[in-house]
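**Student:** can't give you the sequence, but here's the structure:
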């Protein structure tokens, strides 16, 4: 019994240590930025436009195609997306400053919505997101910009 | 003569020192980014499209409205701007990473050109430029993105 107890404790210790290491190892550099984009995209899939307010820094801006420079307050006032609207995006590149407090990703997006007649429409484009580590340690978007791309063949 | 020579040397030393300090004090942080934009804009005013090749990092990209992700090689192959084309831009905000190796500015641009009939046309838009310090210490653009804005009233 004594030996099996020791073995059990050793195994439990080993398992919890490796589990701890796996869970606690934070993504860094460009991996962290890709993870942030995935988290943001998941929130957008679940909450739509409202997720932008959560993920934007207080001084964050959205540079909308055909529009102006929208502050976080401007975004907060925008109407919720209509049923069936979705925005997904895929980073092509991510890069982080040496200090690990400022980074960006750019890539491609697909925006699906419905026109006035309720017919589904799909828009293709590119985006750039700049992320900045905030006081307190959270990461927020400081600049979000998009523009149109030709539809893929 | 001796006294005036000493005074002259003192004055000359003082002037050259203060001039040295003024000239050699390098801009830092967001000031450096605004200076880089001004240098880039001056080069564009003088050389047109060719200045983009000089100011872009080897892995720099341009995310053009209505286009794809253009590499530096893609930009190199583009035709020179026609006579009377100009691009000017004004940063609204600039921010630098704590490590001083990655930063961005965003703001507004004005692009003037001529249409097929030779009539002058002006396009208004916004831009985001991300700058990265290269090995060797020079600063280059890694991401340049633009999109349209409504014409100012």
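**Tutor:** Done, it's in. Quick caveat, the model's predicted, so the values are computed rather than measured.
**Student:** where are the low-confidence patches of chain A?
**Tutor:** Scanning chain A for pLDDT under 70 picks out the ranges A:1-24.
**Student:** In contact with the residue lying closest to residue A:49 once chain neighbours are set aside, which residues?
**Tutor:** Nearest non-adjacent residue to residue A:49, counting by CB to CB, 6 or more residues apart in numbering or on different chains: residue A:81, 5.1 Å away. Placement of C-beta: from N, CA and C, glycine included. Going by CB atoms under 8 Å, 6 or more residues apart in numbering or on different chains, residue A:81 touches A:48-49, A:113.
**Student:** Could you look up the SS state of residue A:81?
**Tutor:** coil (DSSP: H, G, I helix; E, B strand; the rest coil).
**Student:** picking up where we left off before, can you say which of the contacts of residue A:81 are buried?
**Tutor:** A:48, A:113 (16 or more other CB atoms under 10 Å in any protein chain shown).
**Student:** hang on, the earlier thing: now the residue nearest to residue A:49: how far from chain B?
**Tutor:** 20 Å (CB to the nearest CB, to the nearest Å).
**Student:** any idea how far the closest residue to residue A:82 other than its chain neighbours lies from residue A:46?
**Tutor:** Nearest residue to residue A:82, sequence neighbours excluded (CB to CB, 6+ apart): residue A:114, at 6.6 Å. To residue A:46, residue A:114 is 19 Å away according to CB to CB, to the nearest Å.
**Student:** Neighbour count: the two, which is higher?
**Tutor:** More crowded of residue A:114 and residue A:46, by other CB atoms under 10 Å in any protein chain shown: residue A:114, with 13 against 9.
**Student:** Surely the more buried one touches residue A:86?
**Tutor:** No: applying CB atoms under 8 Å, one finds residue A:114 not in contact with residue A:86, separated by 10.8 Å.
**Student:** how many other residues sit next to residue A:69?
**Tutor:** So residue A:69, with other CB under 10 Å, has 18 neighbours.
**Student:** list the contacts for it?
**Tutor:** Neighbours of residue A:69 in contact, by CB under 8 Å, 6+ apart: A:61-63, B:92, B:106, B:126.
**Student:** which other helices and strands contact the strand or helix carrying residue A:32?
**Tutor:** If you go by DSSP states H and E, residue A:32 is part of helix A:29-47. When contacts are defined as 3 or more CB pairs under 8 Å, 6 or more residues apart in numbering or on different chains; DSSP states H and E, helix A:29-47 packs onto helix A:50-55, strand A:86-96, strand A:102-114, strand A:120-133, strand A:139-148.
**Student:** Tell me the buried residues in stretch A:118-136?
**Tutor:** Buried, per 16+ other CB under 10 Å, within stretch A:118-136: A:125-133.
**Student:** Would you mind pulling the contact partners of stretch A:144-153?
**Tutor:** A:52, A:56, A:60-65, A:108-109, A:122-130, B:63-68, B:106, B:126, B:128, B:145-147.
**Student:** quick revisit: farthest-apart pair in the contacts of residue A:69, please.
**Tutor:** A:62 and B:92 (13.1 Å; CB to CB).
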